[in-house]
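[1] no letters, just coordinates:
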């Protein structure tokens, strides 16, 4: 079943009406070639609810739907995971966003670190963030997410650390960490409802000073195994582990 996101103001529960506008209209009419009576899933991207609708009418500017029933979504991770990603080179951020949204990240924050090769031009940041947000939305649709994860503005490392220190868990995958038993125990201690910050370094890894600063703010260094992973792989591994370990605890 096809899933679409719309503004919460377009969902009228009492009137049993849902309206879709914008680019989804052309996609439904011209690409998917859907017809009145076809059923679709609509989300507001906020509360995770699945509003099941039947298409009533299509015009040039909107798709009018009948709200048939509401299903409480159960496909989100039982924990909130925010990925703080060191800015990678080229278009790697797009792959990271796509896969980490599929795996359940609640939010992704690009972070400027000392060893980042990419330096985002402030004049182009807004358009780049908008591009990344559209990729997150597409990934949320494809993976049947109940929310659209937010792509935050680029933060300097120090500010990102200050945010992360307020979380229940602050994880720092680091190639110098070697204690897999500690990593396993730490990840297994995470409980549903908790907030987890995950910091991933850029291609050059973390600067030692950054590791020290994060540790002083409560970060726990963890290992991802004996092999050195690329920056675009590391976040996926952590999210996969967290999903495996926490979804069975609900």
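    Ah, there it is. Everything numeric in this text was worked out from a predicted model, so none of it was measured.
[2] just say helix, strand or coil for the residue lying closest to residue 35 once chain neighbours are set aside.
    Leaving aside its chain neighbours, residue 35 sits nearest to residue 55 (7.0 Å; criterion: CB to CB, 6 or more residues apart in numbering). Backbone N, C-alpha and C define where each C-beta goes, glycine included. Following DSSP: H, G, I helix; E, B strand; the rest coil, residue 55 is assigned to strand.
[3] tell me how many other residues crowd residue 55.
    Residue 55 has 20 neighbours, counted by other CB atoms under 10 Å.
[4] walk me through the domains of this protein.
    3-72, 80-247 (automatic domain parsing).
[5] make a markdown table from the ones you listed and add mean pLDDT to it.
    Rendered in a markdown table, the data for these read as follows (pLDDT from 0 to 100):
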| stretch | mean pLDDT |
| --- | --- |
| domain 3-72 | 92 |
| domain 80-247 | 94 |
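[6] from those, which stretch is densest packed?
    Stretch with highest mean neighbour count among the domains of the chain: domain 80-247 (a mean of 18; mean count of other CB atoms under 10 Å).
[7] how about the helices in the chain?
    Ranges of helices within the chain are 23-26, 92-102, 122-142, 157-164, 180-188, 208-216, 231-247, based on DSSP state H.
[8] I'd like those as CSV, with distance to residue 34 appended.
    Converted to CSV, the helices of the chain look like this (distance: least, CB to CB, whole Å):
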stretch, distance to residue 34
helix 23-26, 11
helix 92-102, 24
helix 122-142, 15
helix 157-164, 42
helix 180-188, 43
helix 208-216, 49
helix 231-247, 32
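[9] figure out which of those helices is closest to residue 42.
    helix 23-26 (9.5 Å; CB to CB).
[10] mind giving me the packing neighbours of the closest one?
    strand 62-72 (3 or more CB pairs under 8 Å, 6 or more residues apart in numbering; DSSP states H and E).
[11] distance from the strand it packs on to the middle of the chain?
    25 Å (CA atoms, centre = their mean, to the nearest Å).
[12] got the contact list for that strand?
    Strand 62-72 is touched from outside by 11-13, 16-21, 24-25, 28-29, 39-40, 42, 48-58, with contacts defined as CB atoms under 8 Å, 6 or more residues apart in numbering.
[13] let's see 7 Å
    Contacts to strand 62-72, defined as CB atoms under 7 Å, 6 or more residues apart in numbering, come from residues 13, 16-21, 25, 28, 40, 42, 49-57.
[14] paired strands for it, with orientation please.
    Sheet pairing for strand 62-72, assigned by DSSP bridges, gives strand 17-21 (antiparallel), strand 49-58 (antiparallel).
[15] would you list the ones you listed in CSV and tack on distance to residue 86?
    Formatted as CSV, the strands paired with strand 62-72 follow (distance: least, CB to CB, whole Å):
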stretch, distance to residue 86
strand 17-21, 37
strand 49-58, 34
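[16] for the ones you listed, which one sits closest to residue 88?
    strand 49-58 (33.3 Å).
[17] starting at the chain centroid, how far to the closest one?
    25 Å.
[18] contact partners of it?
    With CB under 7 Å, 6+ apart, strand 49-58 has contacts from 11, 18, 28-29, 34, 36-43, 63-73, 146.
[19] please redo it, this time with the cut-off set to 6 Å
    11, 18, 29, 36, 38-42, 64-71, 73 (CB atoms under 6 Å, 6 or more residues apart in numbering).
[20] next: stretch 76-92.
    By CB under 6 Å, 6+ apart, stretch 76-92 touches 48, 96, 100, 104-113, 116-118, 146, 160, 192, 194-202, 231-232, 235, 242-243, 246, 250.
[21] same deal with stretch 169-187?
    164, 190, 196-199, 214, 218-224, 228, 234, 241, 245.
[22] kindly report the same for stretch 209-220.
    Contacts of stretch 209-220 (CB under 6 Å, 6+ apart): 157, 161, 165, 170-172, 186.
[23] ok, 10 Å please
    84, 86, 111, 113-115, 157-158, 160-167, 169-172, 174, 176-177, 182-183, 186-187, 197, 199, 201, 205-207, 221 (CB atoms under 10 Å, 6 or more residues apart in numbering).
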